[in-house]
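A.B. asks: Just a sequence and a predicted model for now, questions to come.
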Amino acid sequence: MSSSFSSLNEAAGGGGKTERVASLLQYAKTNHETNPTESLTALLEAMRLSAPNPQRGEEAANAAMARVRATVGDDIADHVLDVDSRRQRAVEVVRQLLSDESTILFEQGREDILRQTMEDGSSIVCSKCGGVVPSGRWQQHQRFWCDAIETEEENHDMAMAE
């Protein structure tokens, strides 16, 4: 993950709702030329947060994406949605892990380590198994260590046996 992704996570992270929206908007304004996809993702999150309720926020974000799709086409819009979806999944997994009292980090009072690895971009969340993986080991994780690989292989073996 890039350092701009971690900046986006920081912008979406701490503070009250108003401060987070302001940070997301500032991020989008400052980075729209160098990181247009992440800037648009920040704007979508700002729309979700600034709406009076989650449903209206999602409707506003969907309307904005429809406009993006009409303006620049399906490929770019799908790419933006993919980035936005991955960021949302990562944030949700981190939130769950931070509140999971059964983790070693929680037991030792070191939840900040997990938060820092996501903010600095040194780790990412696997979309298949939900594991937090160091960025430098992402490809190896996908090929060899992902828990989802075993499930896929077991399903394949069972299908072959039938």
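C.D. replies: The structure has been received and is ready for your questions. Numbers count the residues shown, from 1 in each chain.
A.B. asks: Can you show me the helices along the protein?
C.D. replies: Taking DSSP state H, the helices of the chain run over residues 3-12, 17-31, 36-50, 54-72, 74-99, 104-107, 111-119, 138-140, 147-161.
A.B. asks: Model confidence for the residue most central in space within the chain, exactly?
C.D. replies: Note on the chain: the residue nearest the mean C-alpha position is Arg87, at 1.2 Å, using C-alpha atoms, centre = their mean. On pLDDT, Arg87 comes in at 74.
A.B. asks: May I have the residues that are in contact with the residue lying closest to it once chain neighbours are set aside?
C.D. replies: Closest residue in space to Arg87, ignoring its immediate chain neighbours: Thr41 at 6.1 Å, by C-beta to C-beta, 6 or more residues apart in numbering. Placement of C-beta: from N, CA and C, glycine included. By C-beta atoms under 8 Å, 6 or more residues apart in numbering, Thr41 lies in contact with 8, 80, 83-84, 87.
A.B. asks: Please identify, among those, the one with the most neighbours.
C.D. replies: Ranked by the number of neighbours (other C-beta atoms under 10 Å), the contacts of Thr41 place Leu8 first, at 26 neighbours.
A.B. asks: Now do the same for that residue: its pLDDT.
C.D. replies: pLDDT at Leu8 comes out at 48.
A.B. asks: Then Asp78?
C.D. replies: For Asp78, pLDDT reads 89.
A.B. asks: if I look at it, how far off is Arg143?
C.D. replies: Between Asp78 and Arg143 the computed distance is 25 Å (C-beta to C-beta, to the nearest Å).
A.B. asks: who has more neighbours, the two?
C.D. replies: Set Asp78 next to Arg143 and count neighbours by other C-beta under 10 Å: Asp78 wins out with 12 against 9.
A.B. asks: lowest-pLDDT helix or strand in this protein?
C.D. replies: One helix or strand of the chain scores below all others by mean pLDDT, DSSP states H and E: helix 3-12, with a mean of 46.
A.B. asks: got a list of what Asp84 touches?
C.D. replies: Here Asp84 is in contact with 41, 44-45 (C-beta under 8 Å, 6+ apart).
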